[in-house]
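Participant: A structural model of the following input is requested.
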Amino acid sequence: MRWPGCLAGSTPSPRRGCWTPAPTASPVRAGTDRQVPVTGLGGVPTFGVSAVVLNATVPAAPASGNLQVYPSGSTPTSPTSSVNWRPGRTTANAVTVGVGAGGTIGLQVGTGTADVVLDVVGWYGDASDAAGDRYQLLVP
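Facilitator: All right, here's what the predicted structure looks like:
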């Protein structure tokens, strides 16, 4: 499955939600919102998901910056960030984010451009989930 600017699915991990370093993808640019589907992929159910837990990585960006990860359909809360990085360094952070409309999350870079890699590691059910709002780990 592909969506604008991200490569998903089998390369290099079935739980990889977004991989912009892929040859067919493009970096996330400041001032744009990138919507990324996270439900119905890699073991995350299509329905009944209130939030996902993921590892967000920015590999070796050319300049310092920050990444905001937020539920789609909402406005990113400034000046919060999910990942902050320095030039040339690969930086990662664990992020728990609510799932927005259509089972998607949003990405926004504060300045410049950056490649982004998102690996989903688990999810929380919503009130319709038989297990309640408990965390569901995705086993590799």
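Participant: tell me which element the most centrally placed residue in the chain falls in.
Facilitator: Central residue of the chain (Cα atoms, centre = their mean): Leu118, 4.6 Å from the mean position. Per DSSP states H and E: Leu118 is located in strand 117-125.
Participant: related to what we said a few turns ago, quick one: the residue nearest to the centre of the chain from Ser128, how far?
Facilitator: Using Cβ to Cβ, to the nearest Å, Leu118 is found at 25 Å from Ser128. The C-beta positions use only the backbone N, C-alpha and C, and glycine is treated the same way.
Participant: touching, Gly42 and Gly122? I think so.
Facilitator: No. Gly42 is beyond contact range of Gly122, at 10.8 Å (criterion: Cβ atoms under 8 Å).
Participant: which residues are in contact with each of those two?
Facilitator: Residues touching both Gly42 and Gly122 (Cβ atoms under 8 Å, 6 or more residues apart in numbering) are Leu138.
Participant: give me the neighbour count for Ser26.
Facilitator: 14 (other Cβ atoms under 10 Å).
Participant: how far away is it from Arg34?
Facilitator: Counting by Cβ to Cβ, the gap from Ser26 to Arg34 is 9 Å.
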